[in-house]
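Enquirer: kindly generate the corresponding structure for this input.
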Amino acid sequence: MHLFRTKPVERLGDESDGVADGVGHLRRQLSARHLVGFGIGVVIGTGIFTLTGVAARDTAGPAVVVSFAIAGVVALLAALCYAELASSAPTAGSAYSYAYATAGEVVAWIIGWDLFLEFALGAAVVARGWSGYVGNLLDLPTSLFGEDAPVDVGAALIVVVLTAVAVLGIKESARVTALLVVVKVAVCVFVVVAGAWFVRGANLTPFVPQGRPAEGGSGLTQPLIQAIAGIDPVVFGVGGVLTAAAVVFFSYTGFEAVANLSEETRRPGRDLPLGLLGTLGLATALYIGVSLVVVGMVPYDRIDAGAPIADAFDQVGLGWASALISLAAVAGLTSVILVDLITVGRIGFAMGRDGLLPQSVARVSPRTGTPVRVTLLFAVLVLAMATFVPLSALADLVSIGTLFAFLLVSVAVIVLRRTRPELRRPFRVPFSPVVPALSALACGYLMLNLSIETWLRFLAWLAIGLVVYAAYGYRHSRVGRPAVTERRAP
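Expert: Okay, the predicted model is just below:
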């Protein structure tokens, strides 16, 4: 039962834990404005510039707008749960820390390991996308830039530059992110306003194309729920809309990065709910607006999967807008990589402070106030994946990892309401436990709409994580030290 030992809620984010073991503590320097900037910085990226086209053309048709709305509602429900827990126990680690206080250490480890997958793999995927966009924008050689490059020099370059920014300090990172966010939000608004003049009703009819069997969608590539129910894989129709919702949920991944910055927020009780809900509200509005304009400008079966927005403007005779949109895409992807690198460092810091990772690696630099060593460690992993591994087939792993974390955070709200009713909660999820339960069920359902292949990869990653936990984390846990001592006593 030591596997399920828990950490008291009062000790989540307790700076004395880090100081006592020489890990150090993070500096409180962020406001709600900074949090929204980081949130939009990580959420508005790959989804709006690439997934819009793929999901519309291959899976949902014009109803991709509904898919984005469904994914946005699920993300909003999860954000409410994050807001309650983050304001009650402001700590780096977010879902990992909440699981430690409710479900136990081994579950917390699984979530932490899962979050490493989400943010490290997410940064690597986006870095390769960034390289492709820059290569196309500047007409650089495809042998060095883009998905077809055997050694992606562009991806390596951006990871190195942004790692340097991430370790300099949280305020410096906030300034860079804010500049990038202004650029991409301005261009997204331009897309909606300018593109609205070219929307044609004929392109939106039928809004939900008739479902048909998916080509090559059998075996491991079909959604798990269809395999369980014995349903032949389909695209378009209602089933296609729901499958697309699970895929475009990738677009919303990362907003929980805001919760990971709670230990660096000056007024977490007030600013964290504003940061989380402000991020989701603005991101959902932009996703729905841009996707509606794109499918209204050109027939969904003629949308370019690689650069749907730029190509849509090309098709209506506004080719001059392509360069502007590509610039916004580069800015958007840059901020995603930066926030991913910042977040994975905070998760590693929280786990190191608890002893589940080496505490020497998690130490905070007294000069920059950031966990430099663990950030550099994960940056090396991201660098290796982004440079040498074609990662397009692994993008769904980011979605399933995020949904799993959201599910456990939703359950944690219900558990803590029952076990710790006296806990001070500056923000409370409305209509609890109904809303957290709906959030957990919705996340679980979207997970079932991902492919069997994705599930197998996810389970393999978790199995590797359990081996690492058994070899190191279990024996070095700060919470478990007394328990281990008792077992060894004669």
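Enquirer: now the longest helix seen in the chain: mean pLDDT?
Expert: Residue-count comparison of every helix in the chain, with assignments taken from DSSP state H, identifies helix 320-353 as the longest. Per-residue confidence for helix 320-353 averages out to 87 on the pLDDT scale.
Enquirer: buried ones in that helix?
Expert: 321-322, 324-326, 328-353 (16 or more other C-beta atoms under 10 Å). In short, each C-beta sits where N, CA and C put it, glycine included.
Enquirer: can you report how many residues lie near the nearest residue to residue 117 once chain neighbours are set aside?
Expert: Of all residues beyond its chain neighbours, the one nearest residue 117 is residue 401 (4.7 Å), with distances taken as C-beta to C-beta, 6 or more residues apart in numbering. Applying the criterion other C-beta atoms under 10 Å, we find 26 residues in the vicinity of residue 401.
Enquirer: quick revisit: pull out the buried residues from the helix or strand following the longest helix of the chain.
Expert: Proceeding C-terminally, helix 320-353 gives way to helix 372-388 as the next helix or strand, assigned by DSSP states H and E. Buried positions in helix 372-388, judged by neighbour count with 16+ other C-beta under 10 Å: 372-379, 382-383, 385-387.
Enquirer: do stretch 423-440 as well
Expert: 425, 426, 427, 429, 432, 433, 435, 436, 437, 439, 440.
Enquirer: element containing the residue nearest to residue 389 when sequence neighbours are not counted?
Expert: Computed as C-beta to C-beta, 6+ apart, the closest residue to residue 389 that is not its neighbour in sequence is residue 124, at 7.3 Å. Element membership for residue 124, per DSSP H and E: helix 122-138.
Enquirer: so what does that helix touch, helix or strand wise?
Expert: Other elements packing on helix 122-138 under the criterion 3 or more C-beta pairs under 8 Å, 6 or more residues apart in numbering; DSSP states H and E are helix 46, helix 153-168, helix 320-353, helix 372-388, helix 395-419.
Enquirer: my read: residue 400 touches residue 454, true?
Expert: Yes - counting by C-beta atoms under 8 Å, a contact exists between residue 400 and residue 454, whose distance comes to 5.5 Å.
Enquirer: follow-up on the earlier one: what score does the residue nearest to residue 117 have for pLDDT?
Expert: Taken from the predicted model, the pLDDT recorded for residue 401 is 81.
Enquirer: quick check, it in contact with residue 115.
Expert: Yes - under the contact definition of C-beta under 8 Å, residue 401 touches residue 115, with a separation of 7.2 Å.
Enquirer: just to revisit the earlier point, right, and the helices and strands packed on helix 122-138 - which one's nearest residue 445?
Expert: Across the helices and strands packed on helix 122-138, residue 445 has its closest neighbour in helix 395-419 (9.3 Å, C-beta to C-beta).
Enquirer: buried ones in the closest one, by neighbour count?
Expert: Taking 16+ other C-beta under 10 Å as the neighbour-count basis, helix 395-419 is seen to contain the buried residues 395-417.
Enquirer: what are the ranges of the strands in the stretch 151-300 of the chain?
Expert: Using DSSP state E, counting those that start in this stretch, the strands assigned to the stretch 151-300 of the chain run over residues 212-213, 234-235.
Enquirer: distance of residue 309 relative to residue 183?
Expert: Plainly put, residue 309 is 15 Å away from residue 183 if you go by C-beta to C-beta, to the nearest Å.
Enquirer: who has more neighbours, those two?
Expert: For residue 309 versus residue 183, the count of surrounding residues by other C-beta under 10 Å is larger for residue 309: 29 against 17.
Enquirer: surely that one touches residue 294?
Expert: Yes - using C-beta under 8 Å, residue 309 and residue 294 qualify as a contacting pair, with a distance of 6.0 Å.
Enquirer: between the two, which contacts overlap?
Expert: Each of 52, 53 lies in contact with both residue 309 and residue 294 under the rule C-beta atoms under 8 Å, 6 or more residues apart in numbering.
Enquirer: per-residue confidence for residue 17?
Expert: As predicted, residue 17 sits at a pLDDT of 50.
Enquirer: try residue 478
Expert: 84.
Enquirer: A helix includes it, no?
Expert: No - checked against DSSP: H, G, I helix; E, B strand; the rest coil, residue 478 lies outside a helix; its state is coil.
Enquirer: tell me the spacing between the nearest residue to it once chain neighbours are set aside and residue 477.
Expert: The spatial neighbour of residue 478 that comes closest, neighbours along the chain excluded (C-beta to C-beta, 6+ apart), is residue 355 at 4.1 Å. Applying C-beta to C-beta, the value for residue 355 to residue 477 is 5 Å.
Enquirer: what's the burial count for residue 210?
Expert: Neighbouring residues of residue 210 were enumerated by other C-beta under 10 Å; the total is 10.
Enquirer: for it, list the residues it contacts.
Expert: Residue 210 touches 236, 237, counting by C-beta under 8 Å, 6+ apart.
Enquirer: repeat that for 10 Å
Expert: 61, 234, 236, 237, 240 (C-beta atoms under 10 Å, 6 or more residues apart in numbering).
Enquirer: follow-up on the earlier one: and the buried residues of stretch 423-440, which is closest to residue 39?
Expert: Of all the buried residues of stretch 423-440, the one with the least separation from residue 39 (C-beta to C-beta) is residue 427, at 15.7 Å.
Enquirer: what does the pLDDT read for the closest one?
Expert: The predicted structure scores residue 427 at 88 on the pLDDT scale.
Enquirer: going by neighbour count, list what's buried in stretch 128-146.
Expert: Using 16+ other C-beta under 10 Å as the test for burial, stretch 128-146 gives 128-137, 140, 144-146.
Enquirer: nope, stretch 236-245 is what I meant
Expert: For stretch 236-245, the neighbour count (16+ other C-beta under 10 Å) marks 236, 237, 239, 240, 241, 242, 243, 244, 245 as buried.
Enquirer: same question for stretch 297-310.
Expert: Judged by neighbour count using 16+ other C-beta under 10 Å, the buried positions of stretch 297-310 are 297, 298, 299, 300, 303, 304, 307, 308, 309, 310.
Enquirer: just give me the neighbour total for residue 360.
Expert: By the criterion of other C-beta under 10 Å, residue 360 has 12 neighbours.
Enquirer: that one: what's its closest spatial neighbour, skipping adjacent residues?
Expert: residue 373 (7.4 Å).
Enquirer: separation between the one you found and residue 168?
Expert: In this structure, residue 373 and residue 168 are separated by 15 Å, where distance is defined by C-beta to C-beta.
Enquirer: equivalent analysis for residue 86, please.
Expert: For residue 86, the distance to residue 168 (C-beta to C-beta) stands at 25 Å.
Enquirer: next one: the helix or strand that contains residue 440 to chain centre, how far?
Expert: Element membership for residue 440, per DSSP H and E: helix 434-448. On the basis of C-alpha atoms, centre = their mean, to the nearest Å, the separation between the geometric centre of helix 434-448 and that of its chain is 17 Å.
Enquirer: about what we covered before: overlap in contacts of residue 400 and residue 454?
Expert: Contact criterion C-beta under 10 Å, 6+ apart; residues bridging residue 400 and residue 454 by contacting each: 224, 246, 447.
Enquirer: follow-up on the earlier one: JSON lines for the helices and strands packed on helix 122-138, including distance to residue 201?
Expert: Listed next are those as JSON lines, based on distance: least, C-beta to C-beta, whole Å:
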{"stretch": "helix 46", "distance to residue 201": "29"}
{"stretch": "helix 153-168", "distance to residue 201": "40"}
{"stretch": "helix 320-353", "distance to residue 201": "22"}
{"stretch": "helix 372-388", "distance to residue 201": "42"}
{"stretch": "helix 395-419", "distance to residue 201": "32"}
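Enquirer: so which of the ones you listed comes closest to residue 276?
Expert: Residue 276 lies closest, by C-beta to C-beta, to one member of the helices and strands packed on helix 122-138: helix 395-419, at 11.4 Å.
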